[in-house]
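**Student:** using only what follows, build the 3D model:
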Amino acid sequence: MDVRERILEAATELLAKSPDADVSTRAVCEAAGVGAPVLYRHFGDKAGLLSAVVDHGFERYLASKRAARPSDDPVRDLEDGWDNHVRFAVEHPNHYRLMYSPGLTAPPGAAAEAHRLLRAVLERCAAAGRLRVSPDTATRMIMSANTGVALSLIARPHLYPDTDFSDRVRDAVIGAVTRPAAPERPVTRSGGDTDVPSAAATLGARLRSTPPAALTPAETALLQQWLAVLADGHGRS
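**Tutor:** Residues are numbered from 1 along each chain as shown. Modelled structure (predicted):
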């Protein structure tokens, strides 16, 4: 184990035992058997160390998400991803709190990767005609709700005794941005066809997968912009 890995392992163990999801650089140096200059040479400062510790702790979780084989039902994959996210937070509360701490000035790469992996599943949902909004909007909605549920469960567990709480929020949020696989009876709203947002999201995803040769890159970008507006704003007052 090299010095950097030894420091990360020591900091990870101390973080897991910390009552306030924080560790001191002095304690990390003592546990790793290194001097402060060595720690700062590898991580820059405490914020850099804590950001690296979060990424280190999330690596196994993210590796499993990277390796997961997509199923035939992307919406089911969304639900499974939600459940795995909450499970990881409950099992690793200090890493999770630290990942979303406003005091962490060096954002962990794990947060950005988790966002990208969710966005990829939602792109599949859009391509399959299962999204009611654009993939970008759906990603923000699901990630914010998923994170909120996870933080609530680990920060104030006594306020959330209902074991089905996460499932209820999951079903409500995912149900709001997706549509059933079977065709629905068309319903009008404010004189508009509610199939338009889903069709726009679907077309946008398929064009991203296979850019149209008949359009220039600039024309394709403009079309994608229009489709995103239709996917997120059609029928709004």
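**Student:** average pLDDT for stretch 180-188?
**Tutor:** Averaged across stretch 180-188, the pLDDT comes to 59.
**Student:** for the chain, give me the ranges with low pLDDT.
**Tutor:** Residue ranges of the chain with pLDDT under 70: 106, 182-194, 234-237.
**Student:** so what's the residue sitting nearest the centre point of the chain up against?
**Tutor:** By CA atoms, centre = their mean, the chain has its centre lying nearest to His115, at 3.6 Å. Contacts were defined as CB atoms under 8 Å, 6 or more residues apart in numbering; by that measure His115 touches 139, 143. C-beta coordinates here come from the backbone N, C-alpha and C atoms, glycine included.
**Student:** kindly report the same for Val3.
**Tutor:** For Val3, the contacting residues are 32, 34, 38, 42, by CB under 8 Å, 6+ apart.
**Student:** might one say that Leu62 is in contact with Ala110?
**Tutor:** Yes. Here Leu62 reaches Ala110: they are 6.2 Å apart, a contact under CB atoms under 8 Å.
**Student:** more neighbours: these two, which one.
**Tutor:** In this view Leu62 and Ala110 are compared by other CB atoms under 10 Å, and Ala110 has more residues nearby, 19 against 16.
**Student:** what about that one, which SS state?
**Tutor:** For Ala110, the secondary structure call by DSSP: H, G, I helix; E, B strand; the rest coil comes out as helix.
**Student:** next one: Ala114
**Tutor:** In three-state terms, and counting by three-state DSSP, Ala114 is helix.
**Student:** count the neighbours of it for me.
**Tutor:** Here the number of neighbours of Ala114 (other CB under 10 Å) works out to 22.
**Student:** quick revisit: can you lay out the contacts of Val3 as CSV showing distance to Ser209 and neighbour count?
**Tutor:** As requested, the contacts of Val3 are arranged in CSV below (distance: CB to CB, whole Å; neighbours: other CB atoms under 10 Å):
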residue, distance to Ser209, neighbour count
Ala32, 46, 21
Val34, 48, 18
Val38, 47, 16
His42, 41, 17
